[in-house]
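Chemist: Okay, predicted coordinates and the sequence, questions at the end:
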Amino acid sequence: VTYAADLVTARRISLDDGVVWLRHEALRIVLLDEHGRTVDTRFLREGESIEIGGILSFPCHFARVHDRIPVATAMAGSSAP
């Protein structure tokens, strides 16, 4: 994904690379930066799905989903929150 600060509160928009991690057991989505640190988080809404090419809104950020990473690859590359 690429992400940036919320358009309403941002003075300047800068897109950064990151990852959106879906925690199935809690129905929670976590936005991570390129180093694996948590940037923002929220609960998945009932009936909501994450689509490639779609935009996800978080309390303080938005993210555009570019592709999907297999779970085994994602878990090997960083420690999940």
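Modeler: Yes, it's here.

Chemist: only C-alpha atoms for contact and neighbour calcs from this point on.
Modeler: Will do.

Chemist: Tell me how many other residues surround Asp16.
Modeler: Close neighbours of Asp16, defined as other Cα atoms under 10 Å, add up to 13.

Chemist: how close does it sit to Arg37?
Modeler: Remark: distance between Asp16 and Arg37 (Cα to Cα, to the nearest Å) = 13 Å.

Chemist: just Pro59 next, same as before
Modeler: Relative to Arg37, and taking Cα to Cα, Pro59 is found at 17 Å.

Chemist: what does Arg28 give?
Modeler: Arg28 is 16 Å from Arg37, by Cα to Cα.

Chemist: try Asp67
Modeler: 20 Å.

Chemist: So these two - more neighbours on which side?
Modeler: Higher neighbour count among Asp67 and Arg37: Arg37, with 16 against 10, using other Cα under 10 Å.

Chemist: Looking at the more buried one now. What's its pLDDT?
Modeler: As predicted, Arg37 sits at a pLDDT of 92.

Chemist: Please apply the same query to Phe43.
Modeler: So, for Phe43, pLDDT stands at 94.

Chemist: Which residue is the nearest non-sequential neighbour of it?
Modeler: Arg28 (4.2 Å; Cα to Cα, 6 or more residues apart in numbering).

Chemist: Please name the residues that touch the one you found.
Modeler: 22, 41-44 (Cα atoms under 8 Å, 6 or more residues apart in numbering).
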